[in-house]
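Visitor: Here you go, sequence then predicted model.
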Amino acid sequence: MLPSLAVERRLFREAAIIVAATLLVGTAANLIPGRRLPWWGQGFVAPTQGTDFNLIDPIAAEMLRSTLPGVRVLDTRGEAEMAAGHIPGAESFPYQDAGTLLTAEAIASLGTADAVIIVGASEESDIEQLLAQELRLRGLAPPHIVLGGMPAWRASGLPVEGAQP
Amino acid sequence: MSFLRNRWLHRLLGLALGALFVYAAWDKVRDPRPLIAIIWGYKLVPPGPTNLIALYMPWLELIIGACLATGFLRRGAALWATALLTGFTGALLINAIRGINVACGCFSTSSTDVQNAWFLALRDLPMLLVAVILLAFPPKQKTV
């Protein structure tokens, strides 16, 4: 009986070490500027099409971009992906940095744009939808999200800036 | 059942389940925000603790995965893996019974990646079985 008790005590000690490590690393990670989240949730309302964003196909997005003078294009991908090719005039706007990037000046500047287009890395536009919701919550008009992201943009043969030869 | 206590079987199962946990945790650790939407989609947790779960669970998965794969604190990690997988499977089954298909959040942080909840719960069972083996059948100690 005694060895078994010792084994179980060791098991729970191991489990406690894992919890302690998780609490330590998880807390430290959430203190890093740029990826900080509120500790306690205020409820989550999923972004909805029409209210928070509009989906737009790449051709329509390019028409918008090339015909209106004040269109802003926000690219949610990382720096390396941006460097490998992006929509002409696109600005790097990673969602995890939204908290620091969305200053009052940035919001005011985006508010004067004729349209805001958001493009991301993949067909799933979750990150782009969350960014659009952030913009909406700050009083901007619903941005346009490029349907299919950069892969669809490239597949449509539309102009790409900064692409490697 | 003595083969379940084989040291090499434990190493193999630990490596496999650990790799799955690390893979599952990776995107969520890098950016936990989409996970909030996924947890919310389960309709089981009130708004308050949703963020806490999104902040800590990916790290717990990552540490469990690393421990299982390396063998360091393996049984403790197996205990947590069993607890987590039981919780995940239970949450999926509740939604399956409710008739709600959810975005699992298991290996993807896409809240639009909605799949059949029965299928997702069934998919968890082999992983749960492995975790239970690692927990309940510790390898035989070497006799001198």
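Guide: It's in.
Visitor: B:L55: which element?
Guide: For B:L55, the host element (DSSP states H and E) is helix B:47-70.
Visitor: Give the next helix or strand downstream of that helix.
Guide: From helix B:47-70, the next helix or strand downstream (DSSP H and E) is helix B:74-98.
Visitor: Quick one: distance of that next one to the chain centre.
Guide: 6 Å (CA atoms, centre = their mean, to the nearest Å).
Visitor: Kindly report the same for stretch B:10-17.
Guide: That offset, for stretch B:10-17, works out to 14 Å (CA atoms, centre = their mean).
Visitor: hmm, it in reach of chain A?
Guide: No - using CB under 8 Å from any CB of the partner chain, stretch B:10-17 never reaches chain A; the gap is at least 13.3 Å. (C-beta placed from N, C-alpha, C; glycine too.)
Visitor: Let me see the ranges of the strands in chain A.
Guide: Under the criterion DSSP state E, strands of chain A are mapped to A:54-56, A:71-75, A:91-92, A:115-119, A:144-146.
Visitor: Just name the most buried of these.
Guide: Most buried of these by mean neighbour count (mean count of other CB atoms under 10 Å in any protein chain shown) is strand A:144-146; its value is a mean of 26.
Visitor: Now residue 102, what are its backbone angles?
Guide: No chain in the question, so chain A it is. phi -90, psi 70 (degrees, to the nearest 10).
Visitor: To clarify, I was referring to chain B.
Guide: phi -120, psi 160.
Visitor: Isn't it up against B:L44?
Guide: No - judged on CB atoms under 8 Å, B:V102 makes no contact with B:L44 at a distance of 9.7 Å.
Visitor: so what sits against both of these two?
Guide: B:N95 (CB atoms under 8 Å, 6 or more residues apart in numbering or on different chains).
Visitor: How about the contacts made by the residue most central in space within chain A?
Guide: Compute the mean C-alpha point of chain A, and by CA atoms, centre = their mean the closest residue is A:Y95, 2.9 Å away. Contacts of A:Y95 were listed using CB under 8 Å, 6+ apart, and they are A:T76, A:I127, A:E128, A:L130, A:L131, A:E134, B:D31, B:R33.
Visitor: a markdown table for those, including neighbour count, distance to B:F137 and pLDDT?
Guide: Converted to a markdown table, the contacts of A:Y95 look like this (neighbours: other CB atoms under 10 Å in any protein chain shown; distance: CB to CB, whole Å; pLDDT from 0 to 100):
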| residue | neighbour count | distance to B:F137 | pLDDT |
| --- | --- | --- | --- |
| A:T76 | 26 | 46 | 91 |
| A:I127 | 25 | 42 | 84 |
| A:E128 | 28 | 47 | 90 |
| A:L130 | 23 | 43 | 86 |
| A:L131 | 27 | 48 | 90 |
| A:E134 | 19 | 49 | 87 |
| B:D31 | 17 | 37 | 82 |
| B:R33 | 18 | 39 | 79 |
